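In: my questions concern the predicted model and sequence given below.
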Number of protein chains: 2
Amino acid sequence: MASLTDHIEEYIKKLLAISTRNYVEIQRADLARKFSCAPSQVNYVLNRRFSPERGYLVESRRGGGGYIRIYRIVHPQAETWKDAFREMLAGPFEPARAKQFLKRILEEKVLSRREARMMSILLQEEHYRGLSREESRELQKRLFQASMEAILKSSY
Amino acid sequence: MASLTDHIEEYIKKLLAISTRNYVEIQRADLARKFSCAPSQVNYVLNRRFSPERGYLVESRRGGGGYIRIYRIVHPQAETWKDAFREMLAGPFEPARAKQFLKRILEEKVLSRREARMMSILLQEEHYRGLSREESRELQKRLFQASMEAILKSSY
DNA sequence: AGGGCGAAGGTCAGTTAAGGTCAAAGTTTT
DNA sequence: AAAACTTTGACCTTAACTGACCTTCGCCCT
């Protein structure tokens, strides 16, 4: 429904689009004032919507004259998202992170909307009814990985 | 005699007809209030009356600012393979038949090669090790069906 | 130099606001 | 009567948001 978070995200993305550099710099308190919210709300948005999984990098400095810089990671060099993929698969599989990842590679046009939608089906818990959480995660991981790899192999 | 479900269905379809986009967005609680029913009733209507089989796609988000979006999907050449799809899903699920089906719709260009490859991953027995044959088949069926529907409904 | 102060930003736990699932009970159709 | 469909309520998961408290940094002032 377009929450506050959505608005702040949109605002920052607009700033990024306008910016001549590959980043924007904001003041947390300013943003919070602009949107009449708690400063920590800004951190929330940054964590959720500008995560590395989605292709962003956030840098900041505290203290007087502090700032927050948000980088759009540019041209994935064909390697970067693959790294993200590998990293996502390291450790326990988390559907939420996989979803973030999907969103990112969709934006980067690594796959089509249809393909992304199909991949996301694999992450829907409901299909795994009857299985324990562990089994379900394990399967999701296997299928997600195998599908992704299948895509990578067939280049078009 | 027009049940509650009928009314809600009708209402949503009216909204869709009016909408300038190819979807409508609702709040579950609002609808429930409007029709004085349990919120879960809305899910029921969505499941029964706005299923992919009937040409709809439902998207939602939980949490604050959550929503439910209902897309009307138009798909053009549908009918031919659609019957084959239904038939394939009738009775016990057999990966071999599913593969045949894939081959066919690939030839008919309903799917891209990449998409077909992704789909075929779901049919590979190896990913389901640890599960009984029944569980495995059940899962394959669910995932295959859901993926197929997701793909076919997102032509936009 | 160094201690203190104010100005950033960071964290985290807790609250609120959605939507989802499932099974049981009630209705209608066959 | 059986099968299919409808309704509801109890319980669950996820996302958004806030406030209290913490850390870091620059700039004084002595």
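Out: In hand now; what should we look at? Numbers count the residues shown, from 1 in each chain, chains lettered A, B, ... in the order given.

In: could you list the domains of chain A?
Out: A:4-72, A:80-153 (automatic domain parsing).

In: distance between the ends of the longest one?
Out: Across its full length, domain A:80-153 reaches 17 Å between end residues, using Cα to Cα, to the nearest Å.

In: again with the shortest one
Out: Using Cα to Cα, the end-to-end distance of domain A:4-72 comes out at 21 Å.

In: do you know the pLDDT at the most centrally placed residue in chain A?
Out: With distances taken as Cα atoms, centre = their mean, the residue of chain A nearest its centroid is A:R54 (2.5 Å). Per-residue pLDDT puts A:R54 at 91.

In: residues contacting it?
Out: A:100, A:103-104, A:107 (Cβ atoms under 8 Å, 6 or more residues apart in numbering or on different chains). Glycine gets a C-beta too; all of them are placed from N, C-alpha and C.

In: is DNA strand D contacted by stretch A:40-48?
Out: Yes - with Cβ under 7 Å from any atom of the strand as the criterion, DNA strand D is reached by stretch A:40-48 at A:40-41, A:44, A:48.

In: count of neighbours near the residue of chain A found nearest DNA strand D?
Out: Across chain A, no residue is closer to DNA strand D than A:G63, which sits at 2.3 Å (Cβ to the nearest atom of the strand). By other Cβ atoms under 10 Å in any protein chain shown, 5 other residues sit near A:G63.

In: just the element for it, please.
Out: Secondary structure from DSSP states H and E places A:G63 outside every helix and strand.

In: contact partners for it?
Out: Applying Cβ under 8 Å, 6+ apart to A:G63 gives no contacts.

In: name the stretch among the domains of chain A that sits most buried.
Out: Burial of the domains of chain A is given as mean neighbour count (mean count of other Cβ atoms under 10 Å in any protein chain shown); domain A:80-153 ranks first at a mean of 17.

In: next one: it to chain centre, how far?
Out: Centre-to-centre, domain A:80-153 and its host chain are 13 Å apart (Cα atoms, centre = their mean, to the nearest Å).

In: what's the next secondary structure element after the lowest-mean-pLDDT helix or strand in chain A?
Out: Lowest by mean pLDDT, DSSP states H and E among the helices and strands of chain A is helix A:80-89, with a mean of 82. Per DSSP H and E, the first helix or strand lying C-terminal to helix A:80-89 is helix A:95-107.
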